[in-house]
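A.B. asks: Predicted structure and sequence below. I'll ask about it afterward.
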Protein chains: 2
Amino acid sequence: MQSQDVTYRDVEAAARRIAPHVHRTPVLSSEQLSRRLGGQVHFKCENFQKAGAFKSRGACNAVFRLDPAIAGRGVATHSSGNHGAALARAARRRGIPAYVVMPRGAANVKRQAVAGYGATIIECEPTLLARQAAAAELVARTGATLIHPYDHPDVIAGQGTATLELSDAIAPPSLVLAPVGGGGLLSGTAIVARHLWPDATVLGAEPSGADDAARSLARGIRQSQPEPKTIADGLRGELSDRTFALIRSYVHKIVTVSEPAIVEGMRLVWQYLKIVIEPSAAVPVGALIEHQLLAEGGSALVILSGGNVDLDALPWSSAPASARAKRRARPAAKSRARR
Amino acid sequence: MQSQDVTYRDVEAAARRIAPHVHRTPVLSSEQLSRRLGGQVHFKCENFQKAGAFKSRGACNAVFRLDPAIAGRGVATHSSGNHGAALARAARRRGIPAYVVMPRGAANVKRQAVAGYGATIIECEPTLLARQAAAAELVARTGATLIHPYDHPDVIAGQGTATLELSDAIAPPSLVLAPVGGGGLLSGTAIVARHLWPDATVLGAEPSGADDAARSLARGIRQSQPEPKTIADGLRGELSDRTFALIRSYVHKIVTVSEPAIVEGMRLVWQYLKIVIEPSAAVPVGALIEHQLLAEGGSALVILSGGNVDLDALPWSSAPASARAKRRARPAAKSRARR
């Protein structure tokens, strides 16, 4: 089954369209980290992307492709955060309103980002149904265009541009890994990777606690994800029919990753690459560790999806109680009160 | 008083000598962070340098400038960490032994780095005198050449190469800031900055709890730093006669920074630039915040000195106790035990 919903040519067009609005992010690697992971690994650093995540690519592509008459009424979405911020920013750059439905309990850093780009935030209950209902009501009321976080061809084409930027930057990798939540990034990545590197194996990396994509591929029918349980807050959504079809066409396999491996991957990236990534971005790194994917040689390209993490709630920040007490007693602690 | 101990030409020669052995590190900026700091700020990211800090520049310059007959007996130093790791790495690249005297209680991550590059570690008491004595004994015993962390012209010239790389990368800044501990980085930075940008003001940023450089400049006589108290562990040393003379010649002023401002600067860089820097690197950022140095306009260049931080002991990691308890109960905690 070949889905023609989004093609390599669409990604090329997206790259031209969004070039003035997004960063061409760097590719980093570390000899020590590669050694630790069993082979050469290149990291595409979308944590440095505008608004802190790859989501700016898809959002800009969708927003700048809108017909002017329609665009004027604004854009809307429901998003756990990164897409909301990216859409808000894209709308501001085009000079149109943005409405963002966010679940109560979304990470504070993400809420602030959305508000900081001037979008109107509409709160709802933290369920997919509540989010969809609130977004539908909003669209009916304002005439805004709904830009879904991943179930949208322009969004998927935009996400693929991260990989397109690597066409002449790295040698063909044997493995390409992207995280999978709703499947927008993985779909776009896979469309481009299969075109650029026909011999590469394209893998989606998914938290074990939100493994609807793995189950869907295994059964051949799209499965739901009623109660996701993972620290990777960007990957709690489930595939749409569109992303499921694209993933079936272009992705070789979904590998699932335990929570400890996600945290270990996140920490290794912070330690060796000296960059801040969010838990969702660490899932492919966790996959390399847990499944020893490079044990038989080869090289990997990992798309690091974003860097919007709550610095007050790091998963490894429980030092021994005595050390914590000492830290609290230090003058440094005052800065928290001042912020 | 113009000290001719180290010149701009020495830094140019150092840049050619070390080019095969160090990274040309990126320059980052963030619109949001610049807005927060009051003006355009460019960050030279030596946290991405080999061995995680600018120290690789000076260490490589000193090691590769040694006469072959002398080099064969190896190199030695006493260092709280980053210089030790950098020297160990430089020595390994030249194929000669390295001996590193380290105080008991040095950060674990730094100790591991030194050992990881194959150096012999000699432990001593955590005082400057004990370190100097142990290093002297070592040199007498092995015939190794002592490469001081900062009181060495080749080391100072090497540190200056970070700023030299910016000659055509940024518009002339109105402010140049580097942290000051022993003064090697600040000396090298100032020599280059004054040559490249004659109109710029060159500032050293120093923790208030280790302010020997500020006191030395104020009194015109080098002052000691018997009991440094700062989270910025790379800046606890004191100036040497050589770096004091260079700083008097080339640096306009030393500004001191409180511990809360250092922590706030560190956190802002993590949050907005999405990069990991160590507390010492955050001191110039803290200076921009605390003294509102960009309040009257202008732009700044900040040398971010390094990224070797203990991820288990972040200065802001005391979340509410209930959140910590929850985190401890999560499977994520297991990953620590596994490492």
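C.D. replies: Nice, thanks for sending it over.
A.B. asks: Surely residue A:149 is within a strand?
C.D. replies: No. Counting by DSSP: H, G, I helix; E, B strand; the rest coil, residue A:149 falls outside a strand, being coil.
A.B. asks: What count of nearby residues applies to the closest residue to it other than its chain neighbours?
C.D. replies: Nearest non-adjacent residue to residue A:149, counting by CB to CB, 6 or more residues apart in numbering or on different chains: residue A:83, 3.9 Å away. The way it works is simple: take the backbone N, C-alpha and C, and place the C-beta from them, glycine included. Residue A:83 has 30 neighbours, counted by other CB atoms under 10 Å in any protein chain shown.
A.B. asks: Secondary structure element for residue A:83, which one?
C.D. replies: Taking DSSP states H and E as the definition, residue A:83 sits inside helix A:82-94.
A.B. asks: Export that helix to PDB, keeping only CA atoms.
C.D. replies: These are the backbone C-alpha positions of helix A:82-94, laid out as PDB (Å, rounded to 0.1, in the frame of the first residue of the first chain):
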ATOM      1  CA  ASN A  82       4.800  22.500  21.300                       C
ATOM      2  CA  HIS A  83       2.500  22.600  18.300                       C
ATOM      3  CA  GLY A  84       0.400  25.200  20.100                       C
ATOM      4  CA  ALA A  85       3.400  27.400  20.600                       C
ATOM      5  CA  ALA A  86       4.600  26.800  17.000                       C
ATOM      6  CA  LEU A  87       1.300  27.700  15.600                       C
ATOM      7  CA  ALA A  88       1.000  30.800  17.700                       C
ATOM      8  CA  ARG A  89       4.400  31.900  16.400                       C
ATOM      9  CA  ALA A  90       3.600  31.100  12.800                       C
ATOM     10  CA  ALA A  91       0.300  33.000  13.000                       C
ATOM     11  CA  ARG A  92       2.000  36.000  14.600                       C
ATOM     12  CA  ARG A  93       4.600  36.000  11.700                       C
ATOM     13  CA  ARG A  94       1.700  36.000   9.200                       C
END
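A.B. asks: quick one: contacts of it?
C.D. replies: Here helix A:82-94 makes contact (CB atoms under 8 Å, 6 or more residues apart in numbering or on different chains) with A:21, A:50-53, A:55-56, A:58-60, A:62-64, A:66, A:71, A:74-75, A:77-79, A:97-98, A:100, A:102, A:110, A:113-114, A:116-119, A:147, A:149-150, A:234, A:306, A:308.
A.B. asks: Let me know the next secondary structure element after that helix.
C.D. replies: strand A:98-103.
A.B. asks: Looking at the next helix or strand after that next one now, give me its mean pLDDT.
C.D. replies: Counting by DSSP H and E, the next helix or strand C-terminal to strand A:98-103 is helix A:108-116. On average, the pLDDT along helix A:108-116 is 83.
A.B. asks: out of everything not next to it in sequence, what's closest to the closest residue to chain B within the stretch 51-200 of chain A?
C.D. replies: Closest residue of the stretch 51-200 of chain A to chain B, CB to the nearest CB: residue A:52 (6.7 Å). If the residues on either side of it in the chain are set aside, residue A:52 comes closest to residue A:308, at 4.4 Å by CB to CB, 6+ apart.
A.B. asks: how near is the residue nearest to residue A:149 to residue A:190?
C.D. replies: 19 Å (CB to CB, to the nearest Å).
A.B. asks: ditto for residue A:7
C.D. replies: 12 Å.
A.B. asks: Tell me which of these two has more neighbours.
C.D. replies: More crowded of residue A:7 and residue A:190, by other CB under 10 Å: residue A:190, with 27 against 16.
A.B. asks: what helix or strand is the more buried one on?
C.D. replies: According to DSSP H and E, residue A:190 maps onto helix A:184-196.
A.B. asks: Heading C-terminal from that helix, find the next helix or strand.
C.D. replies: strand A:201-207.
A.B. asks: what's the angle between the helix or strand following that following strand and helix A:184-196?
C.D. replies: Using DSSP H and E, the helix or strand that follows strand A:201-207 in sequence is helix A:212-219. Going by axes from the mean of the first three to the mean of the last three CA atoms, to 10 degrees, helix A:212-219 is angled at 60 degrees with respect to helix A:184-196.
A.B. asks: after helix A:212-219 comes which helix or strand?
C.D. replies: Immediately after helix A:212-219, counting by DSSP H and E, sits helix A:241-250.
A.B. asks: List the contacts of that following helix.
C.D. replies: A:1-3, A:5-6, A:150-151, A:153, A:156, A:180, A:182-184, A:186-187, A:190-191, A:193-194, A:202, A:204, A:213, A:216-217, A:222, A:239, A:254.
A.B. asks: about what we covered before: now do the helix holding residue A:190 and helix A:82-94, the angle between them.
C.D. replies: Using the same axes, to 10 degrees: helix A:184-196 against helix A:82-94 is 80 degrees.
A.B. asks: quick one: average pLDDT of helix A:184-196?
C.D. replies: Helix A:184-196 shows a mean pLDDT of 98.
A.B. asks: about what we covered before: restricted to buried residues, select the contacts of helix A:82-94 in ChimeraX.
C.D. replies: To isolate the buried ones among the contacts of helix A:82-94 in ChimeraX, judged by 16 or more other CB atoms under 10 Å in any protein chain shown, type:
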select /A:21,50,51,52,53,55,56,58,59,60,62,63,64,66,71,74,75,77,78,79,97,98,100,102,110,113,114,117,119,147,149,150,234,306,308
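A.B. asks: Please report how far the residue lying closest to residue A:190 once chain neighbours are set aside lies from chain B.
C.D. replies: Excluding the flanking residues, the one nearest residue A:190 by CB to CB, 6+ apart is residue A:250, at 3.6 Å. Residue A:250 sits 29 Å away from chain B, going by CB to the nearest CB, to the nearest Å.
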